[in-house]
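Undergrad: here's my sequence, what's the structure:
(4 chains)
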4 protein chains.
Amino acid sequence: VSPADWEAAARQRLEPPAWAYYAGGAGDEVTLADNVAGWRRWALRPRVLVDVSRVDPATTLLGRPRPHPVLVAPMAFQVGAHPSGEIGLARAAGAAGAAYCLSTSASTAPRDLAEAVPDVTRWFQLYIRGGIEGALRTLTEVGELGYEAVLLTVDFPVVGWRDRERTHPWDPDPALTTVAAGGAPLAALDWRDLETLVAGSPVPLLVKGVLDARDARLAVDCGAAGVVVSNHGGRQLDTVLATADVLQEIAAEVAGAVDVLVDGGVRRGTDVVVALALGARAVLVGRPCLWGLAVGGQDGARAVLEQLLAETEAALALLGVPRAADVGADHVARTAWR
Amino acid sequence: VSPADWEAAARQRLEPPAWAYYAGGAGDEVTLADNVAGWRRWALRPRVLVDVSRVDPATTLLGRPRPHPVLVAPMAFQVGAHPSGEIGLARAAGAAGAAYCLSTSASTAPRDLAEAVPDVTRWFQLYIRGGIEGALRTLTEVGELGYEAVLLTVDFPVVGWRDRERTHPWDPDPALTTVAAGGAPLAALDWRDLETLVAGSPVPLLVKGVLDARDARLAVDCGAAGVVVSNHGGRQLDTVLATADVLQEIAAEVAGAVDVLVDGGVRRGTDVVVALALGARAVLVGRPCLWGLAVGGQDGARAVLEQLLAETEAALALLGVPRAADVGADHVARTAWR
Amino acid sequence: VSPADWEAAARQRLEPPAWAYYAGGAGDEVTLADNVAGWRRWALRPRVLVDVSRVDPATTLLGRPRPHPVLVAPMAFQVGAHPSGEIGLARAAGAAGAAYCLSTSASTAPRDLAEAVPDVTRWFQLYIRGGIEGALRTLTEVGELGYEAVLLTVDFPVVGWRDRERTHPWDPDPALTTVAAGGAPLAALDWRDLETLVAGSPVPLLVKGVLDARDARLAVDCGAAGVVVSNHGGRQLDTVLATADVLQEIAAEVAGAVDVLVDGGVRRGTDVVVALALGARAVLVGRPCLWGLAVGGQDGARAVLEQLLAETEAALALLGVPRAADVGADHVARTAWR
Amino acid sequence: VSPADWEAAARQRLEPPAWAYYAGGAGDEVTLADNVAGWRRWALRPRVLVDVSRVDPATTLLGRPRPHPVLVAPMAFQVGAHPSGEIGLARAAGAAGAAYCLSTSASTAPRDLAEAVPDVTRWFQLYIRGGIEGALRTLTEVGELGYEAVLLTVDFPVVGWRDRERTHPWDPDPALTTVAAGGAPLAALDWRDLETLVAGSPVPLLVKGVLDARDARLAVDCGAAGVVVSNHGGRQLDTVLATADVLQEIAAEVAGAVDVLVDGGVRRGTDVVVALALGARAVLVGRPCLWGLAVGGQDGARAVLEQLLAETEAALALLGVPRAADVGADHVARTAWR
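TA: The predicted model follows:
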């Protein structure tokens, strides 16, 4: 029933190495835990006696209407969670009205996914591994395949130290991974490369992994269509701030110019609403979808997403804000005791 | 002996679904726990060498004298806790000098309760389900039946997400519920409706579920006789602030104009005194009374109330404030470490 | 070895009702725990390369030299902890150079103790039960018996609600209690009574149970020789501030005029030094002495006191302050994370 | 894999008295735990899209280049952890490019270590036990033996109260200890002695055990080549601040004049980077090296050091700061919730 129930059920179904890979974080997992706790540090401040007989969670993203502000975050090797893998989760996303973001490290190629779920809103997450030229080719390819946007991951110049993965090494069957080839991360990637990529991309490019308002501003200056406030789910550099703790200052810097998205630790509809209040236009949800996929395949993932969306709608009604677009800083208060 | 003892004993006696219904809260129950913890975050600051040989907990409520500032909060389906149900708890309240507030979702009709306990001070809690006209009829009816005031619940436009209830569904025997009919909550309820209800009510109307000083002001402007600072016992929108954390700012806004009451997490006499210090005129106590009812019927509930009142009197004496009406902001200090 | 070891050993030796009586506190024991934690919230700030080859913990108390700033706090019915009772603990105090404060509710009469330990520095703690006249007679008597000072307890107008005692009622053998007679506490006691008592007392009178700087000032104005910052070991009004959290503001108000003492939660030599840094001239230590008495009689209590004193001397050396009298606010820092 | 794994494995291999000696701290071990927690209270604030293809952790220490900012802290009686003792740990340090600091209380004489590992960068930690003259002779000796610097410990005028050691007394075989002779600590040591020692030392002298910016300034005024911010691993005066909580203010005072080093609680590469951000030029790591030594001798200690260094390099890359020397206050944020 609860997100914790889904997580516990997924843990039972997954082999320890897969569980370690999906659930773990960097170092002592300080940031991993902080991401979840960060949303609760903000309290909702409801208003009453507002007509909420029609709650509308709709938003626009990159100028296009979306039925609600939730997307499925990019995650690697989804076949490791369930045989239906990326296709199953993308179908679940489509059924729930959520855009699905395919990982570079997926177990399904962009073309295969596009053919399997042509009508699902698809985004693509890009790691730069084979150099800028290869990245430009990938951008062109995914644009042609109908992916509507690309998230360029910038917090992965090297792989984070994850003790759980080192304790339980996981070597997914190579047959499962189709895009992961291309060598090590391009640690030399810089802002000029971003300009090159933006110029050569047929689709809007968002910068994923921003935790500093100055970097968000630089991303906008380089032509990015948006930023994703993210610490890679706590998997890269431990002890960095939770995304709930930096979102507001980043949104204050650039939300007037581009779309600000956020991921990390979102588990409840109330978390989604807090993210909106702090200036996010949308939130990416990762592990909870994977737990749903692991437990019940496409139907499980869909159930997780639909509960999250139902909770979000209820939270808007109980907050006294019928339109998601009207949630603002006034609807949250910072607590010092949670 | 302690509130925790009563709670544990009640849990043993109740079926899991009834326990889940009564004890549970929304979402991750952040607010449910915070309500209890909130009172302890305030420290009492006693004065000494004050003559406290006569402690007087009396107050006035809606202009009428009351022997003390404690009421029994409205709670649904009390027959589910003990066969004596609402009548048993109302008798316990009467014996302890506490007003009893009957829930719309009670297992006893307002008329039946009035006939059973004609001499107990009775209030009525109103959900708007069948439209404003039906609500006005109910107001007239309960006024004729001698209910002295009505609490209009405004934090229930939709039902909160309560995982415990979903895990342990509870479908009380329909015979037990007499007023619950009337369909879904009226999510369209707004401030104009409040004005209509105030105008048509033969008894004072208080707005229950206020967590924002601006809403408290609007309630006063609409003619409400008071506000109840409440988050529905943590059962509706999780992560909202504890009532102990918003009471003072709301009382500062309207306590000069109307009565401010509060509920949520009150377990000890010291909690009652903190509520008075923060500006409440009275406090509604819910679950503890229900645990007393579940454990010992009318006598159990009465014992719980009487211990709470004895603790309150002792707290006033030990605080060096013989009259409850003299407790003020000077008698509490905010702590950052509890 | 550690204070926790002594406490655990005492718990094993005592009957549950005696343990409940000695160890318990009021309400949910929030203040009981906070008293201990309060000292740790202050961090010591040592200086180095100071000659500490001679550490001198000496102080003066009521104008008389004392070898160190530790006293044994008044506690009731010490025969319940060990057959040697008050006499055993007073002998331990004498051996350790600590003044011993006899409780009104002792199992040994003031005269009997005076005869048993004529050379131990003795203080007396006074409850007002039989009216002011009786109290004046007691003051005269204890003065004649060589008690050097009297602590007038002012935080006991009524008995606090202690759940542990109610769960494990303890009715010490009447033969054990010699002074407890005299009826209920005098809840009408006020500042004018204090003036009367001061005027009629042959020995210095200190007011015990002060938690507010204004009350400390009033005590000085009434002629008290000092104040004891105390919340009765967390046994009277739960949720009041820890003594470590109010000591500094009270000392700032009156430490220039009279001696300020403190009790509550002192377990370690570092706690003693923090108390000095916050403005106390001396500290009263209660339960730890009783655990020592329960475990090993006079020798056990002496061992506890001597370890505390050795720790205090070591703390002064490691703080870089050879003379206890030179410890000041500069040697502590407030932490927000302990 | 993790530091906690190494610690648990070491605990299994060590006799309880040795474990108590190495792992324990003073008093209630408040500072011992706070040292570790202190680094996590600071959050890292990464920048992105910086070319980190070449990460350079190099620094200069006392004017000499070092490949990275990590040293092995002085610890007593290392033969008690593993037969290879100081020589094994020094070889591990050398292999990892870390300077090794020999303790006065070592189980290996300075000359023996110098002969065993002539090419390892060696420092010496000095306790003053036999008077200043003896200390000057030791300084001359270690200088002749090629020790590059001496850390003068100033937070040991008396031995701290350590309950674990008193519970599990440890009397290492006298044959193991070669330098410990010389009597009790010189509690009279003061700033003039420091001037004498600096004047007579053939190698740079750093003052170890500074927790106050004024003392750091005095050390510089007396000619010290640096200060080590240290609370002796939480082993001397309990409740003092964690080194992570005082480092920044001390570095602000003297880091422009001399090298500031820090020890205490460093477990992860992120801790090293936080220390640099707060103004340290290098960090001394103690217990983790000893756990590595206990588990796997020289190879174990080397593995621990190399993981720490690899984590440090990864942290620099993920922080977007390719050169350790460029880490600054801008890269950390204080949290109130960890």
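Undergrad: could you pull out the strands for chain A?
TA: Assignment of strands within chain A using DSSP state E yields the ranges A:42-44, A:59-61, A:64-66, A:70-72, A:99-102, A:122-126, A:149-153, A:205-210, A:226-229, A:259-263, A:282-285, A:332-334.
Undergrad: now for those strands, which one comes closest to C:Cys222?
TA: Smallest distance to C:Cys222 across the strands of chain A (C-beta to C-beta): 44.9 Å, for strand A:332-334. Where you see a C-beta, it was placed from the backbone N, CA and C, and this is true even at glycine.
Undergrad: hang on, the earlier thing: out of the strands of chain A, the one nearest chain D is which?
TA: With C-beta to the nearest C-beta, the closest approach to chain D among the strands of chain A belongs to strand A:205-210: 5.7 Å.
Undergrad: can stretch A:122-137 be found next to chain D?
TA: No. Figure legend: stretch A:122-137 not in contact with chain D (C-beta under 8 Å from any C-beta of the partner chain); closest approach 10.5 Å.
Undergrad: and that stretch, what's buried?
TA: Within stretch A:122-137, the residues scored as buried using 16 or more other C-beta atoms under 10 Å in any protein chain shown are A:122-129, A:132, A:135-136.
Undergrad: what's the residue nearest to A:Val321 when sequence neighbours are not counted sitting at in phi/psi?
TA: Once flanking residues are discounted, A:Val321 sits nearest to A:Val327: 5.3 Å by C-beta to C-beta, 6 or more residues apart in numbering or on different chains. The phi/psi pair for A:Val327 (degrees, to the nearest 10) reads phi -70, psi 130.
Undergrad: quick check: residues of the stretch 201-338 of chain A near chain B?
TA: Checking the stretch 201-338 of chain A against chain B by C-beta under 8 Å from any C-beta, the hits are A:268-270, A:274, A:310-311, A:314-315, A:317-319, A:333, A:335-338.
Undergrad: who in chain A is up against chain D?
TA: Checking chain A against chain D by C-beta under 8 Å from any C-beta, the hits are A:27-28, A:30, A:34, A:37, A:41, A:154-155, A:157-161, A:163, A:166-167, A:187-191, A:193-194, A:207, A:209-212, A:214-215, A:218, A:236-241, A:245, A:336.
Undergrad: in helices, which of the residues you listed appear?
TA: Members of the residues of chain A next to chain D lying in helices (criterion: DSSP state H): A:30, A:34, A:37, A:163, A:166-167, A:191, A:193-194, A:214-215, A:218, A:245.
Undergrad: any chance of these in CSV, with distance to C:Leu261 too?
TA: CSV is the format used below for these (distance: C-beta to C-beta, whole Å):
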residue, distance to C:Leu261
A:Val30, 43
A:Asp34, 43
A:Ala37, 42
A:Asp163, 51
A:Arg166, 56
A:Thr167, 55
A:Trp191, 65
A:Asp193, 69
A:Leu194, 67
A:Arg214, 55
A:Asp215, 57
A:Leu218, 61
A:Asp245, 44
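Undergrad: could you single out the nearest of those to C:Ser107?
TA: For those, the nearest to C:Ser107 is A:Ala37 (51.5 Å; C-beta to C-beta).
Undergrad: circling back: select only the buried ones of the residues of chain A next to chain D in ChimeraX?
TA: Buried residues among the residues of chain A next to chain D (16+ other C-beta under 10 Å), as a ChimeraX selection:
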select /A:27,28,30,34,41,154,155,157,158,160,161,163,187,189,190,191,193,194,207,209,210,211,212,215,218,236,237,238,239,240,241,245
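Undergrad: which of the residues of chain A next to chain D are close to chain C?
TA: Near chain C, judged by C-beta under 8 Å from any C-beta, there are no entries from those.
Undergrad: and the residue of the stretch 201-338 of chain A found nearest chain C, what's its pLDDT?
TA: Among all residues of the stretch 201-338 of chain A, A:Ala336 sits closest to chain C, at 9.2 Å; criterion: C-beta to the nearest C-beta. Listed pLDDT for A:Ala336 reads 95.
Undergrad: so what touches the lowest-mean-pLDDT helix or strand in chain A?
TA: The helix or strand of chain A with the lowest confidence, counting by mean pLDDT, DSSP states H and E, is helix A:163-167 at a mean of 91. The contact list for helix A:163-167, computed with C-beta atoms under 8 Å, 6 or more residues apart in numbering or on different chains, reads A:17, A:20-21, A:23-25, A:27, D:1-2, D:5.
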